[in-house]
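Peer 1: no sequence on this one, just coordinates:
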């Protein structure tokens with residue numbers, strides 16, 4: 001059922017589809033399949049559609065700005081996720097945060 005729900009959500013609510021895809025992928029058995037052959041076929045179809053929509057060539061460029069207090073001083077860091085000339089789509093971007101709030 002979750003596979004069919006995922007395919008529906010991809011059409012009407014792609015943001016919610018991410019949660020379903022994550023849950024569905026955690027249901028795989030140790031061989032990469034699901035409970036039955038039919039479950040496996042439908043789940044892999046749904047996950048393939050999800051992957052195609054997430055990794056589409058038409059994905060917009062994103063800019064993520066994270067703000068945090070660094071020893072009582074407000075600091076920020078910005079990450080750009082883009083395609084094109086400076087393709088950072090699959091690049092791990094990170095920054096050290098000196099102290100986490102308690």
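Peer 2: Arrived safely, thanks for sending. Every value quoted in this text rests on a predicted model; they were computed, and no experiment measured them.

Peer 1: List of residues touching the strand or helix carrying residue 51?
Peer 2: Assigned by DSSP states H and E, residue 51 belongs to helix 37-54. If you take CB atoms under 8 Å, 6 or more residues apart in numbering as the criterion, helix 37-54 is touched by 2-4, 6-7, 10, 14, 17-18, 21, 24-25, 27-28, 33-34. Heads up, the C-betas are built off the backbone N, CA and C, glycines and all.

Peer 1: go on, stretch 76-87?
Peer 2: So stretch 76-87 is contacted by 57, 59, 61-68, 88-89, 93, 95 (CB under 8 Å, 6+ apart).

Peer 1: and it, average pLDDT?
Peer 2: Average pLDDT, stretch 76-87: 80.

Peer 1: chain center to it, what's the gap?
Peer 2: Chain-centre distance of stretch 76-87: 16 Å, with CA atoms, centre = their mean, to the nearest Å.

Peer 1: what about it, how long is it end to end?
Peer 2: End-to-end span of stretch 76-87 (CA to CA, to the nearest Å): 22 Å.
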